[in-house]
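> Build me a structure from this.
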Amino acid sequence: MTSPILITGAGQRIGLALAKHFLSQGQAIIITYRTRHDAVDDLEQQGAVCIHADFSSDAGIASFIETLKQQTHSLRAIVHNASSWDCEASNPDFSSLFDNMMRIHAKTPYLINNACAQLLMAYQADACTPADIIHLTDYVVETGSPKHIAYAASKAALDNLTKSFSAKYAPNIKVNSVAPSLIIFNQHDDEAYRAKTLKKSLMGIEPGCQEIINSIDLLLRSHYITGRALPVDGGRHLK
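Next up is the predicted model:
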């Protein structure tokens, strides 16, 4: 079996789209999920290894890493997609909110990247081409966000991890990030919110998950790009 790609948080939305894409290409994958949606059953039936993971504690992260190492001896890539879109308005326990955002968006990738470097090195040694780590950050890394302060700070920390790990693991492992703004709306988003959000970018569209798939495919194909953030924001930085 080919070395799998690990995708965290692949039970829905962007992570699920990535999982389906790689499976359609014949690429072995391992995914994590927090909630077992029906889509996880479908992925499992298609051959994906699906691991329930609780990244809300150090013990949960360590347990996942131990389980992962029982499943494979190498990894083609790690795509850190697991995320939580929490904010100060809905969580007045600011201390807990900040800790949770930093744990899921920064501490979890930090621990997984350190613990799984040898799995990525094993792929690189066998394939004679670099392995990859890809962090999904956010457009707000550049701007901050008054409504999602802890979230923005934690994604900025993940962006910084991209730079540090790329320097640490070069040339055997390339480490990059993809920084999207709007990709897909939630089902509960009303028309007023959708219209307001679309006006924030130059392109003015809901681009869909294929834009992230294309970006990650680009980074995986490259033998040279490392330590960079690929913005997928529709020109939002120019509005």
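
> Low-confidence stretches in this protein?
1 (pLDDT under 70).

> Which other helices and strands does the longest helix seen in it contact?
Across the chain, the longest stretch assigned as helix under DSSP state H is helix 149-169. With contacts defined as 3 or more Cβ pairs under 8 Å, 6 or more residues apart in numbering; DSSP states H and E, helix 149-169 has these neighbours: helix 94-102, helix 108-115, strand 131-136, helix 140-143, strand 173-180. For every residue, glycine as well, the C-beta is placed using N, CA and C.

> got the angle between that helix and helix 94-102?
30 degrees (axes from the mean of the first three to the mean of the last three Cα atoms, to 10 degrees).

> Ranking the helices and strands packed on helix 149-169 by mean neighbour count, which comes first?
The highest mean neighbour count among these, using mean count of other Cβ atoms under 10 Å, belongs to strand 131-136: a mean of 26.

> What strands line up against that one, and which way round?
Strand 131-136 pairs in its sheet with strand 77-80 (parallel), strand 173-180 (parallel), by DSSP bridges.

> so how far is that strand off the chain centroid?
Distance, stretch centre to chain centre, for strand 131-136: 8 Å (Cα atoms, centre = their mean, to the nearest Å).

> which residues touch the residue sitting nearest the centre point of the chain?
Against the mean C-alpha coordinate of the chain, by Cα atoms, centre = their mean, the closest residue is residue 81 at 2.0 Å. For residue 81, the contact set (Cβ atoms under 8 Å, 6 or more residues apart in numbering) comprises 7-10, 14-15, 18, 136.

> Show me what counts as buried in the longest helix of the chain.
By neighbour count with 16 or more other Cβ atoms under 10 Å, helix 149-169 contains the buried residues 149-159, 161-163, 165-166, 169.

> what angle do that helix and helix 108-115 make?
Using the same axes, to 10 degrees, the inter-axis angle of helix 149-169 relative to helix 108-115 is 20 degrees.

> CA atoms of helix 149-169 as PDB?
Only the C-alpha atoms of helix 149-169 are listed here, as PDB (Å, rounded to 0.1, in the frame of the first residue of the first chain):
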ATOM      1  CA  ILE A 149      -9.600  37.300  18.700                       C
ATOM      2  CA  ALA A 150      -8.500  34.000  20.200                       C
ATOM      3  CA  TYR A 151      -9.200  32.200  16.900                       C
ATOM      4  CA  ALA A 152      -7.100  34.600  14.900                       C
ATOM      5  CA  ALA A 153      -4.200  34.500  17.400                       C
ATOM      6  CA  SER A 154      -4.200  30.700  17.300                       C
ATOM      7  CA  LYS A 155      -4.200  30.600  13.500                       C
ATOM      8  CA  ALA A 156      -1.300  33.100  13.500                       C
ATOM      9  CA  ALA A 157       0.600  30.800  15.800                       C
ATOM     10  CA  LEU A 158       0.000  28.000  13.300                       C
ATOM     11  CA  ASP A 159       1.400  30.200  10.500                       C
ATOM     12  CA  ASN A 160       4.500  30.700  12.600                       C
ATOM     13  CA  LEU A 161       4.800  27.000  13.100                       C
ATOM     14  CA  THR A 162       4.900  26.700   9.300                       C
ATOM     15  CA  LYS A 163       8.100  28.700   9.200                       C
ATOM     16  CA  SER A 164       9.800  27.000  12.100                       C
ATOM     17  CA  PHE A 165       9.000  23.400  11.000                       C
ATOM     18  CA  SER A 166      10.000  24.200   7.400                       C
ATOM     19  CA  ALA A 167      13.500  25.300   8.600                       C
ATOM     20  CA  LYS A 168      13.700  22.300  10.900                       C
ATOM     21  CA  TYR A 169      12.800  19.600   8.500                       C
END
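
> Not counting it itself, show me its contacts.
So helix 149-169 is contacted by 80, 84-88, 94, 97-98, 100-102, 104-106, 109-110, 113, 117, 120, 133, 135, 137-138, 140-141, 143-145, 173-177, 179, 226-229 (Cβ under 8 Å, 6+ apart).
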